[in-house]
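S.K.: Model the following, please.
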Amino acid sequence: MQAILYIIAGAIGGIVSGFFGIGGGIVVIPILIYWFGLSQHQAQGTTLAMMVPPIGLLAAWRYYSGGNVKVGMALFMCVGFFIGGYIGASLVHNISDQVLRKTFGILMFAVSVRMIFFK
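M.R.: Numbers count the residues shown, from 1 in each chain. The predicted structure is shown next:
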């Protein structure tokens with residue numbers, strides 16, 4: 001039964017990610033924290049592990065098929081993301097779960113305010 005709930009959580013994140021072109025973590029991280037009781041650190045690590053194959057393969061392929069992927073740009077960004085992800089994952093262990101959760105919430109709030117009220 002738990003596996004079905006995990007699949008549903010992943011599907012919700014995948015649908016929102018594929019629809020809006022956002023990282024599924026914006027949806028999946030809160031689900032993992034509030035539905036499954038994971039810590040902020042656990043939720044972020046689990047989400048990163050979850051997103052590697054499906055986002056990189058199927059969703060990107062659909063966008064590519066529609067002519068909506070700048071391949072050269074994506075390849076260089078992938079290198080930066082690969083390195084940056086490792087650096088971020090290394091730095092996050094020095095921050096408490098409470099501070100990390102609040103920082104994540106502030107980031108999501110700031111992005112939402114910008115998208116709603118500014119061009």
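S.K.: Next, name the residue at the spatial heart of the chain.
M.R.: The residue lying closest to the centre of the chain (CA atoms, centre = their mean) is Gly25, at 2.6 Å.
S.K.: Go ahead and confirm that residue touches Gly45.
M.R.: No. Contact criterion CB atoms under 8 Å: Gly25 and Gly45 do not qualify, at 10.5 Å. C-beta here means a position set from N, CA and C on the backbone, and glycine is covered the same way.
S.K.: Show me the shaky parts of the protein.
M.R.: Scanning the chain for pLDDT under 70 picks out 17-21, 23-24, 52-56.
S.K.: ok so, going back, ok, now which ones touch the residue nearest to the centre of the chain?
M.R.: Gly25 makes contact with Gly13, Gln44, Thr47, Leu48, Met51, according to CB atoms under 8 Å, 6 or more residues apart in numbering.
S.K.: Quickly note the distance from it to Ile15.
M.R.: From Gly25 across to Ile15, the span is 14 Å (CB to CB, to the nearest Å).
S.K.: Kindly report the same for Val79.
M.R.: 28 Å.
S.K.: The two: which is more packed in?
M.R.: The neighbour count for Val79 versus Ile15, taken as other CB atoms under 10 Å, is higher for Ile15 (13 against 9).
S.K.: okay if I get the contacts of Gly25 as JSON lines plus secondary structure?
M.R.: Below are the contacts of Gly25 laid out as JSON lines (DSSP: H, G, I helix; E, B strand; the rest coil):
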{"residue": "Gly13", "secondary structure": "helix"}
{"residue": "Gln44", "secondary structure": "helix"}
{"residue": "Thr47", "secondary structure": "helix"}
{"residue": "Leu48", "secondary structure": "helix"}
{"residue": "Met51", "secondary structure": "helix"}
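S.K.: of those, buried ones?
M.R.: Buried members of the contacts of Gly25, counted by 16 or more other CB atoms under 10 Å: Gly13, Gln44, Thr47, Met51.
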